[in-house]
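Visitor: Okay, structure incoming, though there's no sequence with it:
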């Protein structure tokens, strides 16, 4: 896998990651907690992307691994700030996937 392939794959995953992150996050969480969750999920998604795109042998190439993880992180944060947050789609997903009191077991 080349550097361009690593960056492209990382960018593709990062662009969609905020929508998946919104499923996990809750509207009542503080902005700091939401940011920590988003960063941790981006790092995990970056590692999974490396493994999925190049197999476990891909981790032997430190610069490509690092480039993919950083691409996922930066693109996920950028697309959230520039696209998903202003469109309020992420907020709608958060609300739709947050269990209500009626959904919780007693």
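Guide: Looks like it came in fine. Keep in mind the model is a prediction, meaning the values are calculated, not measured. Numbering: from 1, shown residues only.
Visitor: Could you point out the helix or strand that follows the helix or strand where residue 21 lies?
Guide: Following DSSP states H and E, the helix or strand that holds residue 21 is helix 3-24. The helix or strand immediately downstream of helix 3-24 is helix 31-54, counting by DSSP H and E.
Visitor: Just want the angle from that following helix to helix 3-24.
Guide: Angle, helix 31-54 to helix 3-24, by axes from the mean of the first three to the mean of the last three C-alpha atoms, to 10 degrees: 140 degrees.
Visitor: what packs against the helix or strand that helix 31-54 is followed by?
Guide: Later in the chain than helix 31-54, the nearest helix or strand by DSSP H and E is helix 62-79. Helix 62-79 sits against helix 3-24, helix 31-54, with contacts defined as 3 or more C-beta pairs under 8 Å, 6 or more residues apart in numbering; DSSP states H and E. Any C-beta I mention is one placed from the backbone N, CA and C, and that applies to glycine too.
Visitor: Need the mean per-residue confidence for helix 62-79.
Guide: For helix 62-79, mean pLDDT rounds to 90.
Visitor: What residues of whichever helix or strand comes after it count as buried?
Guide: Next helix or strand after helix 62-79 toward the C-terminus (DSSP H and E): helix 85-87. If you call a residue buried by 16 or more other C-beta atoms under 10 Å, then helix 85-87 has no buried ones at all.
Visitor: Okay, angle between the helix or strand that helix 85-87 is followed by and helix 31-54 too, please.
Guide: Using DSSP H and E, the next helix or strand after helix 85-87 towards the C-terminus is helix 89-97. Computed by the same axes, to 10 degrees, the angle separating helix 89-97 from helix 31-54 equals 100 degrees.
Visitor: So what angle separates the directions of the one helix or strand in the chain whose mean pLDDT sits lowest and helix 62-79?
Guide: When each helix and strand of the chain is scored by mean pLDDT, DSSP states H and E, helix 89-97 comes last, with a mean of 88. Here the directions of helix 89-97 and helix 62-79 differ by 90 degrees (the same axes, to 10 degrees).
Visitor: Now do helix 89-97: which elements does it pack against?
Guide: The contact analysis (3+ C-beta pairs under 8 Å, 6+ apart) places helix 89-97 against helix 3-24.
Visitor: tell me the contacts of residue 14?
Guide: For residue 14, the contacting residues are 42, 45, 71-76, 78-79, by C-beta atoms under 8 Å, 6 or more residues apart in numbering.
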